[in-house]
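> sequence first, then the predicted structure, then my questions.
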Amino acid sequence: MRKLLLKSLLRAPLTEPAPAADKDALAELAGKVQATARQRLGRSLSIRQIDAGSCNGCELEIHALSNAFYDLEQYGFHFVASPRHADVLLVTGPVTANMREALERTYAATPAPKWVVAVGGCARDGGLFAGSYGVVGGVSAVVPVDLHIPGCPPSPRDLLAGLLTLMQSRLPKRA
Amino acid sequence: MTTLFDIIGETSVRWPRVTVARKVWEFARQQLATRQWDVVAHWGEPGLVHLAVREHGSGTTGILSLDASGGRFPSLGRECLPIRRLERAIADLVGLTPEDAADTRPWLDHGHWTRRHPLGDASKPAAPEPYRFLPVEGESLHQIPVGPVHAGIIEPGHFRFTCSGETVVRLEARLGYVHKGIEALMLGAPLQRAARLAGRVSGDSTVAYATAFAQAVEAASGTEVPARAQYLRAIMLELERIANHVGDIGGICNDAAFSLMLSYCAVLRERILRAVDAAFGHRLMMDRVVPGGVADDIAPKALNEIEKLIALVARQFRDIVALYDDTASLQDRTVRTGMVRHDLVMQFGAGGFVGRASGRSFDARKVLPSAPYDSLSFETPLLQRGDVDARVRIRIAEVEQSLSLLKQMIAQLPDGPIATAMAPHAGEGTAMVEGFRGDVFVWVRLNADGSVARCHLRDPSWFQWPLLEAAIYGNIVADFPLCNKSFNCSYAGHDL
């Protein structure tokens, strides 16, 4: 273990450096957001992820946000275990009939102000699964949605850009 | 009548389907009960139930179909435990009643669908009823209900723990939360749409599902797939296997509170996904495998990049494995935790690393090989202990095997076309593909216009989920995430 740790210490960080502001929209957003985030929420934004019926593809990419390349926490985002600790609900999948109540209850358990981000094509309108007897529809069919991040699944970069956009925009607080 | 061959007769098809009388169904029940046969899949359609089996010893495979036009069929689940949830799913989806069934509770239908029996007569929904968990009685026992929304970034399912102090004395899982009705969406779907649906049954196994669906469709329509396409599919399958194993090994160690492994594994997984994205145009390789072949060819430069990736993964993975080996405190958590007995994996016919960590060596790439696996050299790693550590070690060994397979395939990659045009053709076809989690089984019936008449997709998790309930027995509650991650069953693939 010592050898590995030593190697990691000597190596440059993997976390992708912020490119010149005019070149990379993502980095540009990132810089602004740190200021916005501090202003609006103190120091951080807590995210509670909910799979309301996804194929688990979106979950894989949400997991990737925490790896050293994206390092989501550097922007002040933090995944939490309970909706009661959350500011943002990150919801994936078409909402299945069997998950509807769980989603409603999780939303209700999240203290205001809160935002809902619907992740992936299915979360927008049910995607390929729309119209099924077992699917209610997109996330907005069950709880109010503030932002959609498209993609099947959205890449970690798309997810990051979307979350940063949420921070930046002056969305009305939902009481 | 003593063997499966006697029932099926001479055939050139790997999964012949024969309609049988009740007498033969009774014989099947005995063969399953005495474990002469493994159940591979069990599903229904209006007036008909199907049972795909594999015979031990001879290795004969086939599908038996029984008339159920009276809305009933004899249950096989009294003595064959893996059948029980499948029968409950048939009752929910098709509305056929298994006679004398040991467990008559609904499974996938939670009472919220807009239709009841969606694959059958599609009657009006019943009002939701409270689910009857199995009764547990005893002094000083307490219950912990968990889910469907869990603490991590994970799919939904409900786990009902009964504990004595810290120790779990029973776990009962309730699944079906992410049931989307994929098989009903398949009814009448054009091939292209059906293939996209198949690729989204379980996102982490999208290549395995898309390949199994494509192979079933090709078997149904008699389509020959070009050799290059077969190789590209297998290359993608092995890349998918490596990416998932690497990510999960990190996840398992993280659940034993050793996050350093997760950091290294997550970086390696990201490197793999980026190389895959550059080579195939999608990080998870969704919709790259299509009926008839593959969607896009791989550029020679991209192939070089994959070769470089293989070398990089081999190098970095070695360091990661050494870290696992050298950390006694980590192995203290994984060794002898979440044990699954050999006879249980045999009884349930559990595939993938769950089976192979407990001494069941089934690997569809070896046992029922399709090109190009029949011409490649690789081993199926096997261990006996069946604990979390064994499952980790099987996956480590599988990554090494997959790297070797990739090298062989890239060296031998044939030139030529990457797809055959699909001509509309009525027929039935079946396929089994070894995904990272185990064997994915797909059966399909095509209409004359080429659209899908019926399709059944069986995830390997069906025969692994019940074993998780056995694995956690006698362990502490706090080790459940560790045990669960070491199985990593698919909720989406199971719930369908």
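Structure received. Numbering: from 1, shown residues only, chains lettered A, B, ... in the order given.
> kindly format the C-alpha coordinates of the strand ranked longest in chain A as CSV.
Using DSSP state E to define each element, chain A has its longest strand at strand A:45-51. Output of strand A:45-51 as CSV, limited to C-alpha atoms (Å, rounded to 0.1, in the frame of the first residue of the first chain):
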residue,chain,number,x,y,z
LEU,A,45,-25.6,21.5,-1.8
SER,A,46,-26.6,18.1,-0.6
ILE,A,47,-28.0,15.6,-3.2
ARG,A,48,-30.2,12.6,-2.6
GLN,A,49,-30.4,10.3,-5.6
ILE,A,50,-33.6,8.3,-6.3
ASP,A,51,-33.9,5.6,-8.8
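> is the helix or strand just after that strand in proximity to chain B?
Where DSSP states H and E defines the elements, the next helix or strand beyond strand A:45-51 is helix A:57-64. Yes - using C-beta under 8 Å from any C-beta of the partner chain, helix A:57-64 comes into contact with chain B via A:57-64. Using the backbone N, CA and C atoms, a C-beta is placed for each residue, glycine as well.
> any idea which of the residues you listed is the one closest to residue B:117?
Closest approach to residue B:117 among those (C-beta to C-beta): residue A:57, at 29.2 Å.
> show me what contacts the closest one?
Shown in contact with residue A:57 (C-beta atoms under 8 Å, 6 or more residues apart in numbering or on different chains): A:120, A:152-153, B:200, B:203-204, B:206, B:284, B:286.
> picking up where we left off before, quick check, nearest of the residues of helix A:57-64 next to chain B to chain B?
Proximity of the residues of helix A:57-64 next to chain B to chain B was ranked by C-beta to the nearest C-beta; the top entry is residue A:57 with 2.7 Å.
> and the nearest residue to the closest one once chain neighbours are set aside, how far from residue B:295?
Distances taken as C-beta to C-beta, 6 or more residues apart in numbering or on different chains put residue B:203 closest to residue A:57, at 2.7 Å, once the chain neighbours are dropped. Residue B:203 is 17 Å from residue B:295, where distance means C-beta to C-beta, to the nearest Å.
> neighbour count: the two, which is higher?
Applying other C-beta atoms under 10 Å in any protein chain shown to residue B:203 and residue B:295 shows that residue B:203 carries more neighbours, namely 26 against 20.
> for the closest residue to residue A:93 other than its chain neighbours, grab phi and psi.
Closest residue to residue A:93 apart from its sequence neighbours, by C-beta to C-beta, 6+ apart: residue A:54 at 3.2 Å. The phi and psi values for residue A:54, taken as degrees, to the nearest 10, are phi -70, psi 170.
> torsion angles phi and psi at the residue nearest to residue A:57?
Per degrees, to the nearest 10, the backbone of residue B:203 is at phi -60, psi -30.
> wait, doesn't it sit right on residue A:53?
No - using C-beta atoms under 8 Å, residue B:203 is not in contact with residue A:53, being 11.9 Å away.
> so who does residue 14 touch?
Chain wasn't specified; assuming chain A. Counting by C-beta under 8 Å, 6+ apart, residue A:14 touches A:68-69, B:267.
> meant chain B, my bad for not saying
With C-beta under 8 Å, 6+ apart, residue B:14 has these contacts: B:61, B:368, B:430.
> now it: how far from chain A?
28 Å (C-beta to the nearest C-beta, to the nearest Å).
> show the pLDDT at that residue.
You'll see residue B:14 listed with a pLDDT of 93.
> same question, residue A:112
86.
> residue B:49: neighbour count?
Residue B:49 has 23 nearby residues by other C-beta under 10 Å.
> each with direction, which strands does the longest strand of chain A pair with?
Strand A:45-51 has these partner strands in its sheet, going by DSSP bridges: strand A:77-79 (parallel), strand A:88-92 (parallel).
> and residue B:252, that's in a strand?
No - counting by DSSP: H, G, I helix; E, B strand; the rest coil, residue B:252 is located in no strand; its state is helix.
> what's near enough to touch it?
B:334, B:388, B:391-392, B:482, B:485-486.
> quick one: residues contacting the residue of chain B found nearest chain A.
Nearest to chain A in chain B, going by C-beta to the nearest C-beta, is residue B:203, at a distance of 2.7 Å. Listed by C-beta under 8 Å, 6+ apart, the contact set of residue B:203 reads A:54-60, A:153, B:284, B:286, B:492.
> and it, how far from residue A:152?
Using C-beta to C-beta, we find residue B:203 at a distance of 9 Å from residue A:152.
> between those two, which contacts overlap?
By C-beta under 8 Å, 6+ apart, the residues touching both residue B:203 and residue A:152 are A:57, B:286.
> quick one on the thing from earlier: give me the subset of the contacts of residue B:14 touching chain A.
Within the contacts of residue B:14, nothing lies near chain A by C-beta under 8 Å from any C-beta.
> so which of these belong to strands?
B:61, B:430.
> of the contacts of residue B:14, which is the most crowded?
residue B:430 (25 neighbours).
> and for the residue nearest to residue B:312 when sequence neighbours are not counted, the neighbour number?
Distances taken as C-beta to C-beta, 6+ apart place residue B:271 nearest to residue B:312, at 6.7 Å, with adjacent residues excluded. By the criterion of other C-beta under 10 Å, residue B:271 has 19 neighbours.
> and for the one 3 residues further on?
Other residues near residue B:274 number 15, with proximity taken as other C-beta under 10 Å.
> what sits closest to residue 109 if chain neighbours are left out?
Unless you meant another one, I'm taking chain A. Nearest to residue A:109 is residue A:83, by C-beta to C-beta, 6+ apart, at 4.4 Å.
> sorry, I should have been clearer: chain B.
Nearest one to residue B:109, counting by C-beta to C-beta, 6+ apart, is residue B:92 at 4.0 Å.
> which ones are touching residue A:125?
A:137-138.
> so where do the helices sit in chain A?
Ranges of helices in chain A, per DSSP state H, are A:2-10, A:25-41, A:57-64, A:100-109, A:121-125, A:156-168.
> including mean pLDDT and distance to residue B:100, could those go into a markdown table?
Formatted as a markdown table, those follow (pLDDT from 0 to 100; distance: least, C-beta to C-beta, whole Å):
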| stretch | mean pLDDT | distance to residue B:100 |
| --- | --- | --- |
| helix A:2-10 | 80 | 59 |
| helix A:25-41 | 51 | 60 |
| helix A:57-64 | 96 | 40 |
| helix A:100-109 | 97 | 34 |
| helix A:121-125 | 95 | 40 |
| helix A:156-168 | 85 | 51 |
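> of all these, which one comes closest to residue B:106?
It is, among these and with distance given as C-beta to C-beta, helix A:100-109, at 16.2 Å.
> please look at residue A:146 and residue A:166 and confirm they touch.
Yes - contact criterion C-beta under 8 Å: residue A:146 and residue A:166 qualify, at 6.8 Å.
> nearest to residue B:465, of the contacts of residue A:14?
Nearest to residue B:465 among those: residue B:267, at 30.5 Å, using C-beta to C-beta.
> next, count neighbours for residue B:343.
11.
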